[in-house]
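> can't give you the sequence, but here's the structure:
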């Protein structure tokens, strides 16, 4: 999803979030998706209760995994099968491969 959606306090309890989630559910159904997912912080009990009231299941065993910035660049630059951590392989002067 696009990021934090805490909302302006003046718009809370006006069914905007419910309308948005129902619209997204409709789009998922129209496109033949079996589900759609989003994230909620484990301490946000009111949001969890709200999502559950709509029929959502909060998965307790899953964690969000993120790759961004330099780690994203490094992951994209590695060759298949390269399982080393750290910087990606980089060609050295003269065409040799530097192992870092």
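Great, that's in hand. Being a predicted model, the structure only gives us computed values, none of them experimental. Numbering: from 1, shown residues only.

> State the number of residues packed around residue 21.
17 (other Cβ atoms under 10 Å). Placement of C-beta: from N, CA and C, glycine included.

> quick one: residue 39 from residue 32, how far?
Distance of residue 39 to residue 32, given as Cβ to Cβ, to the nearest Å: 23 Å.

> When those two are compared, which one has more neighbours?
More neighbours surround residue 39 than the other of residue 39 and residue 32, with 10 against 6 (other Cβ under 10 Å).

> what about the more buried one, which SS state?
Here residue 39 is coil, with the state taken from DSSP: H, G, I helix; E, B strand; the rest coil.

> Am I right that it is in contact with residue 62?
No. In this structure, residue 39 is not within contact of residue 62 by Cβ atoms under 8 Å, at 9.4 Å.

> who touches both of the two?
By Cβ atoms under 8 Å, 6 or more residues apart in numbering, residue 39 and residue 62 have no common neighbours.

> what's the next secondary structure element after the host helix or strand of residue 28?
Residue 28 is part of helix 16-30 when elements are defined by DSSP states H and E. Per DSSP H and E, helix 16-30 leads on to helix 45-53 as the next helix or strand towards the C-terminus.

> Contacts for that following helix, please.
If you take Cβ under 8 Å, 6+ apart as the criterion, helix 45-53 is touched by 17, 21, 40, 41, 42, 58.
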